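[1] Next come a sequence and a model predicted from it.
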Amino acid sequence: MSLLWKERVKTLVAAAVLTALGLTAVSALSATESSALETAIVDVIQRQAEAWNRGDLEGFMDGYLKGPGLVFTSGSQVRRGWQITYDKYEQRYGTSPETMGNLRFSDLEVHPLGDTSAWVLGRWDLAAPDTESGGIFTLVMQRLDGNWVVVHDHTSSDPTD
């Protein structure tokens, strides 16, 4: 057996072991724990929509990791950090109900990755004064200091006609 072949086999075995360990961690959550995790995460997302709809951009951003570790991707752009993300939202939507419009999240799917992290798939729809838009998002959320926060947000918009 060649050295290259042995290294490939080692890599495949290591990947299989890590995958099995990851799946064990996820399956270790009881149905009650999984349900509580899902409820807590959906609550954060719904509170974000409520804050948005009352023109409270800072309240909306409370659902995100407040620091440089936040990653937000949208429109082929990668933004890093809470403040940069906040500033972009403020520039685009303002900070009043009149300019921000009405935000709704739907079709939420919460997928636990253990007891302190999960990924979420969902749909967003925004009815703003001059336009309506919507799309799909994927979030990576972590429980930090007892609170669930978005650490990575990848948002896409529906195609325009």
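    That came in fine, so what should we check first?

[2] From now on I want contacts and neighbour counts done on CA atoms only, so please keep to that.
    Will do.

[3] how about low-confidence regions in the protein?
    Applying pLDDT under 70 to the chain flags residues 1-28, 161.

[4] where along it do the helices fall?
    In order along the chain, the chain carries the following helices (DSSP state H): 3-27, 31-53, 57-61, 82-93, 97-100.

[5] Angles on the backbone of the residue lying closest to L144 once chain neighbours are set aside, please.
    Here the nearest residue to L144 in space, its sequence neighbours aside, is T116; by CA to CA, 6 or more residues apart in numbering that works out to 7.7 Å. The phi and psi values for T116, taken as degrees, to the nearest 10, are phi -130, psi 10.

[6] Just give me the neighbour total for T116.
    The tally of other residues near T116 (other CA atoms under 10 Å) stands at 14.

[7] in terms of contact, does it touch Q142 like I think?
    Yes: taking CA atoms under 8 Å as the contact criterion, T116 and Q142 are neighbours in contact, 5.5 Å apart.

[8] measure the most centrally placed residue in the chain to G69 for me?
    Compute the mean C-alpha point of the chain, and by CA atoms, centre = their mean the closest residue is L139, 1.6 Å away. L139 sits 14 Å away from G69, going by CA to CA, to the nearest Å.
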